[in-house]
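Enquirer: Mind folding the following:
(chains A, B, C and D)
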2 protein chains.
Amino acid sequence: MAGNTSRPGTTVVSRAVALLSAFDEDHRRLSLTDLARRTELPLATAHRLTRELVREGALVRTASGEYAVGRKLWSLGLLAPVQTDLRQVASPFLHDIYGATLATVHLAVRDGTRVLYVDRLAGNRSVRVVSEVGSRLPLHATGVGKVLLAHAPIDVQELALAQLTRATPYTITQPTRLREQLDRIRTDGYATTVEEMSLGACSVAVPIAQPPGVVVAALGIVVPSLRRDKTRLVAALQVAAGGIARSLVASASMAAGPDAAGPHRLPPLSDERSL
Amino acid sequence: MAGNTSRPGTTVVSRAVALLSAFDEDHRRLSLTDLARRTELPLATAHRLTRELVREGALVRTASGEYAVGRKLWSLGLLAPVQTDLRQVASPFLHDIYGATLATVHLAVRDGTRVLYVDRLAGNRSVRVVSEVGSRLPLHATGVGKVLLAHAPIDVQELALAQLTRATPYTITQPTRLREQLDRIRTDGYATTVEEMSLGACSVAVPIAQPPGVVVAALGIVVPSLRRDKTRLVAALQVAAGGIARSLVASASMAAGPDAAGPHRLPPLSDERSL
DNA sequence: CGCTATCCTTCCGCTGAGCGGAAGAGGGTG
DNA sequence: CACCCTCTTCCGCTCAGCGGAAGGATAGCG
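Expert: Numbers count the residues shown, from 1 in each chain, chains lettered A, B, ... in the order given. Here you go, the predicted structure:
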């Protein structure tokens, strides 16, 4: 920036990104004042930057004068490696599972200490669930989350176990109990939840491991009850997960995002903040 | 910016967006030098800004040192009004059609003089097609494109008719011939293409009109041949399109993104550069 | 009708954030 | 070892960016 900055040290880029990040699932449209408030930027500054972002197509202005995320960002986001490989490869398999079960199907990866839903298929008659594509939930209360947690590095596990927030009366909030489950998940090869995230919703999930042993994603479905056909569901999921993993080898090499960076770590880059 | 700018008048924001826009379908990963070249920024400048974008999560750095679009942008993009309503509402219907036909299914909107593919379902056994979610193609050579063109404002039609690029030997490049087709599309209620975009691919598409009469999107499928069951396909598509339109009413009010703003057109926006 | 409240937009002078040439650090190749 | 290429860091110059303040615009209230 320049001149009379109220908070020196902040850069134009960080402010611009802050403005964009002010939008979330519950705030898809924001007025200028909201934007300024949420980013803690002076109104005039927010106004100037916002106008420029609109000019560049990163934001759009609705008829009512509110701002929303623009199409340019949408197209750009689609280029992110999150979806490029994994999503494309997995898509047909997700359809197969959906066709066979008519349940909500999830494809997710771990993003720090949260599950990031990369894809989701849901029909009219599927169980209502909170997750949407792009949303992030805690690792300990969902099927795919538990799978990813069970196969996460130790330090991530510790971090996650230290913040077991409660979503329903059935959410597991005791670290020791969850630890036991994680052990079982590793040996059994699948995870389940029973109304731990939302009432009336149970889930089964399995890992997708690309170089065998390295879990890069999780595949899961949400059903009203597990009683009847857990084993059948697990089998179906594992077949699909295997297929996805195998298809990933083909388009391998370039690797599914930073997490899978293997022995070579990223150049330092130091203190990245998450979202 | 500040100081010794080589090209005064450009702003930090525009440079940052330029860096992001350097990525496209054929360039999902770019080295620093590539970025600098594509944006015509001095290397040092590109480096500084890029590093900051990485710090903010807008870009990520791969193990090999290349840059790619980050997860943050991906999540942000998902908030764009492009998909919020329309895509979500349409999703189950797309699945139905896919299940019934196993053909590639497309959901598209018009973005200026191009088709913007908002969603796409394709299986392993579907016809190979060029379009991907997020890609933009000319209006005159695809099924969904023709539908959108037929129902576009006059000035857009003129603009599009003035640039009938050829994709295959079967692409229609004579304005008068296309004009006739557009008339038929309006009366018949559906559009077809026969190998006009890619050889071996035919398509059928129908409009999705929300306040009846106002076309907000198009729904289409791609098949190897139209001979056998065109009427059947048209019927299926029209049922789905009707269903989508009806479901849109429910989530109406807050409006399906700027395009659906009814009689009020978008604020000029005019000379936006595309991606 | 004025008064207050809330939102958006424009103005303008001060200044440090941003600029980018240049030099340095790897790494790969012949 | 010289050459080429890409990435990274340095640093002094300077104008792009900053944001308080003033000026509409619209809405609701008494």
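Enquirer: In the stretch 51-200 of chain A, mark out all the strands, start to finish.
Expert: Counting by DSSP state E, counting those that start in this stretch, the stretch 51-200 of chain A has strands at residues A:59-61, A:67-69, A:104-111, A:114-121, A:136-138, A:191-194.
Enquirer: quick one: A:Leu107 from DNA strand D, how far?
Expert: Using C-beta to the nearest atom of the strand, to the nearest Å, A:Leu107 is found at 31 Å from DNA strand D. Any C-beta I mention is one placed from the backbone N, CA and C, and that applies to glycine too.
Enquirer: now A:Leu79
Expert: For A:Leu79, the distance to DNA strand D equals 18 Å [C-beta to the nearest atom of the strand].
Enquirer: Which strands and helices lie in contact with the helix or strand A:Leu49 falls within?
Expert: Per DSSP states H and E, A:Leu49 falls inside helix A:43-55. With contacts defined as 3 or more C-beta pairs under 8 Å, 6 or more residues apart in numbering or on different chains; DSSP states H and E, helix A:43-55 has these neighbours: helix A:12-21, helix A:32-39, strand A:59-61, helix B:12-21.
Enquirer: picking that back up, the strands of the stretch 51-200 of chain A: which one's closest to chain B?
Expert: Proximity to chain B (C-beta to the nearest C-beta) singles out strand A:67-69 among the strands of the stretch 51-200 of chain A, at 4.2 Å.
Enquirer: residue in the stretch 51-200 of chain A nearest to DNA strand D?
Expert: Nearest residue of the stretch 51-200 of chain A to DNA strand D: A:Glu52, at 7.9 Å (C-beta to the nearest atom of the strand).
Enquirer: what residue ranges in the stretch 151-275 of chain A score low on pLDDT?
Expert: For the stretch 151-275 of chain A, the stretches with pLDDT under 70 are A:250-275.
Enquirer: right, and the helices and strands packed on helix A:43-55 - which one's nearest DNA strand D?
Expert: Comparing the helices and strands packed on helix A:43-55 by C-beta to the nearest atom of the strand, helix B:12-21 comes nearest, at 3.8 Å.
Enquirer: If you count contacts, what does the closest one end up packed against?
Expert: Packed against helix B:12-21, as judged by 3+ C-beta pairs under 8 Å, 6+ apart, are the following elements: helix A:12-21, helix A:43-55, helix A:71-77, helix B:32-39, helix B:43-55.
Enquirer: Please determine whether the fourth one lies in contact with DNA strand D.
Expert: Yep, that's helix B:32-39 we're talking about. Yes - contact of helix B:32-39 with DNA strand D (C-beta under 7 Å from any atom of the strand) involves B:Leu32, B:Thr33.
Enquirer: how far out from the middle of the chain is that helix?
Expert: Relative to the centre of its chain, helix B:32-39 is centred 26 Å away, using C-alpha atoms, centre = their mean, to the nearest Å.
Enquirer: So which other helices or strands are in contact with it?
Expert: helix B:12-21, helix B:43-55.
Enquirer: follow-up on the earlier one: do the helix holding A:Leu49 and DNA strand C meet?
Expert: Yes - between helix A:43-55 and DNA strand C, judged by C-beta under 7 Å from any atom of the strand, the touching residues are A:Leu43, A:Ala44, A:His47, A:Arg48, A:Arg51.
Enquirer: Quick check: chain neighbours aside, which residue is closest to the third one?
Expert: Take A:His47 and drop its neighbours on the chain: the residue closest to it by C-beta to C-beta, 6 or more residues apart in numbering or on different chains is A:Leu32, 5.8 Å away.
Enquirer: For chain B, what's its nearest residue on the stretch 1-150 of chain A.
Expert: Across the stretch 1-150 of chain A, no residue is closer to chain B than A:Gly77, which sits at 2.4 Å (C-beta to the nearest C-beta).
Enquirer: got the contact list for A:His106?
Expert: Neighbouring residues of A:His106 by C-beta atoms under 8 Å, 6 or more residues apart in numbering or on different chains: A:117, A:119-120, A:131, A:143-144, A:203, A:205, A:218-222.
Enquirer: what do you get for A:Leu30?
Expert: By C-beta under 8 Å, 6+ apart, the contact set of A:Leu30 is A:Ala22, A:Phe23, A:Arg38, A:Glu66, A:Tyr67, A:Ala68.
Enquirer: Among these, which one has the most neighbours?
Expert: Neighbour counts for the contacts of A:Leu30 (other C-beta atoms under 10 Å in any protein chain shown) peak at A:Tyr67, which has 25 neighbours.
Enquirer: what is the one residue sitting closest to the centre of chain A paired to in the beta sheet?
Expert: Ranked by distance to the mean C-alpha position of chain A (C-alpha atoms, centre = their mean), the top residue is A:Leu116 at 0.9 Å. Note on A:Leu116: beta-bridge partners A:Val109, A:Arg136, judged by DSSP bridges.
Enquirer: just checking, it touches A:Ala218?
Expert: No - applying C-beta atoms under 8 Å, one finds A:Leu116 not in contact with A:Ala218, separated by 10.5 Å.
Enquirer: Tell me which two of the contacts of A:Leu30 sit farthest apart.
Expert: Spatial extent of these (C-beta to C-beta) is set by the pair A:Arg38 and A:Ala68 at 14.2 Å.
Enquirer: how about the residues of the stretch 51-200 of chain A that lie near DNA strand C?
Expert: Contact residues (C-beta under 7 Å from any atom of the strand) of the stretch 51-200 of chain A with DNA strand C: A:Arg51, A:Gly65, A:Glu66.
Enquirer: Out of those, which one has the weakest pLDDT?
Expert: Confidence by pLDDT is poorest for A:Gly65 among these, given 88.
Enquirer: Regarding it, what are the backbone dihedral angles?
Expert: Note on A:Gly65: backbone dihedrals following degrees, to the nearest 10 are phi 100, psi 0.
Enquirer: still on that earlier bit, number of nearby residues for the residue of the stretch 1-150 of chain A closest to chain B?
Expert: 25.
Enquirer: what do you get for A:Val17?
Expert: Neighbourhood size, A:Val17 [other C-beta under 10 Å]: 22.
Enquirer: ok, so of the residues of helix A:43-55 next to DNA strand C, who is nearest A:Met197?
Expert: Of all the residues of helix A:43-55 next to DNA strand C, A:Met197 sits closest to A:Leu43, with 38.9 Å by C-beta to C-beta.
Enquirer: who's in contact with the closest one?
Expert: A:Leu32, A:Thr33, A:Ala36.
Enquirer: can the helices and strands packed on helix B:32-39 go into TSV with extra columns for distance to A:Val105?
Expert: Below are the helices and strands packed on helix B:32-39 laid out as TSV (distance: least, C-beta to C-beta, whole Å):
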stretch	distance to A:Val105
helix B:12-21	31
helix B:43-55	32
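Enquirer: So for B:Arg246, which of those sits nearest?
Expert: From the helices and strands packed on helix B:32-39, taking C-beta to C-beta, the stretch that ends up closest is helix B:12-21, at 37.2 Å.
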